[in-house]
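Peer 1: please work out how this folds:
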Amino acid sequence: MISDPMGQGNGIEIEAAGLRDMIAADADIQLIDVREPWEVDICRISDSRSIPLGDLQQRASELSTDKTMVMICHHGTRSYRATMWLRQNGFDKALNLAGGIDAWAREIEPGMPRY
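Peer 2: Predicted coordinates for the structure are as follows:
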C-alpha cells in the first residue's frame, strides 16, 4: 500500500507490507538504502543497494528513471529527503519506505537486528 504521511496527496511512501508484496511478486524494482555503511552492516533488506545519502547526487546516474525505486533508511527521514530530491530530478517512480528498515524489521522480519 502506498501512503502519503505528509497529506499532500502525492503518494510518495510505501508501507513495509506493500514492499514485501512487491518483492514477493518479483516486481522490477530498485531498493536503494541511503544509510551509512556501518548501518547497512547491522541489517539490510536482501537485494538492496547501498548509496549513502551524502553520495546520492553524485551517483544518481547509476539509477534508472524507468523502474520503481524504494528508498530505505533507518526510520524513513533520510530516505524521504532522498525520495523528494529524486522526484525533483526526474525520478518520478521513487518511493520512500515508511518507517524505514526499523518498520521492516518490526513488521516483516522480526528476527532482523534492530538498532
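
Peer 1: contacts for the longest helix along the chain?
Peer 2: Criterion DSSP state H: the longest helix present in the chain is helix 77-88. Applying CB atoms under 8 Å, 6 or more residues apart in numbering, the external contacts of helix 77-88 come out as 12-13, 32, 34-35, 53, 56-57, 60, 63, 69, 71-73, 94-97, 100. Bear in mind the C-beta positions are built from the backbone N, C-alpha and C, glycine included.

Peer 1: starting at the chain centroid, how far to that helix?
Peer 2: Taking CA atoms, centre = their mean, to the nearest Å, the mean C-alpha location of helix 77-88 is offset from the chain mean by 9 Å.

Peer 1: I'd like the next helix or strand past it.
Peer 2: Next helix or strand after helix 77-88 toward the C-terminus (DSSP states H and E): strand 94-97.

Peer 1: given that following strand, what are its sheet partners and their directions?
Peer 2: strand 13-14 (parallel), strand 68-72 (parallel) (DSSP bridges).

Peer 1: in space, what's closest to the residue nearest the centre of the chain - neighbours in sequence excluded?
Peer 2: Most central residue of the chain, judged by C-alpha distance to the mean C-alpha position with CA atoms, centre = their mean, is Met71 at 2.0 Å. Nearest residue to Met71, sequence neighbours excluded (CB to CB, 6 or more residues apart in numbering): Ser79, at 3.8 Å.

Peer 1: ok, Glu36 next?
Peer 2: Beyond its immediate neighbours in the sequence, the residue positioned closest to Glu36 (CB to CB, 6+ apart) is Pro52, lying 5.5 Å away.

Peer 1: tell me how far that neighbour lies from Gly111.
Peer 2: Taking CB to CB, to the nearest Å as the measure, Pro52 and Gly111 are separated by 25 Å.
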